[in-house]
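Colleague: no FASTA, just this:
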């Protein structure tokens, strides 16, 4: 299982995550911040749990590229 977490309130809207993992991220038209698609929110953290290991590499690349380091990816 792949677990992706986004601290959305700290997003600066650079768009790297969308460019590197467009199936998991998109930019909000309302506030210009990243949205983790199909995620659940809890205390400001948006979490996506997926059995699709194909999302692991794009999400890891997005996490590495994020200049404010608000994306975490775990393979459990």
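Modeller: Alright, I've got the coordinates. Worth saying up front: this structure is predicted, and the values here are computed from it rather than measured. Residues are numbered from 1 along each chain as shown.
Colleague: buried residues of stretch 69-76, list them for me.
Modeller: Residues of stretch 69-76 classed as buried: 70-73 (neighbour count, 16 or more other C-beta atoms under 10 Å). Where C-beta positions appear, they are placed from N, C-alpha and C, glycine not excepted.
Colleague: looking at those, which is nearest residue 44?
Modeller: Using C-beta to C-beta, residue 70 comes nearest to residue 44 of the buried residues of stretch 69-76, at 10.3 Å.
Colleague: okay but the closest one is in contact with residue 14, surely?
Modeller: No - using C-beta atoms under 8 Å, residue 70 is not in contact with residue 14; the gap is 10.5 Å.
Colleague: show me the buried residues of stretch 69-76 that map onto strands.
Modeller: 71-73 (DSSP state E).
Colleague: just the pLDDT for residue 60.
Modeller: Listed pLDDT for residue 60 reads 98.
Colleague: er, residue 66 actually
Modeller: Residue 66 carries a pLDDT value of 98.
Colleague: how far does stretch 45-60 stretch from one end to the other?
Modeller: 17 Å (C-alpha to C-alpha, to the nearest Å).
Colleague: oh, I was asking about stretch 9-25
Modeller: With C-alpha to C-alpha, one end of stretch 9-25 sits 15 Å from the other.
Colleague: how about stretch 19-31?
Modeller: Note: stretch 19-31 ends 18 Å apart using C-alpha to C-alpha.
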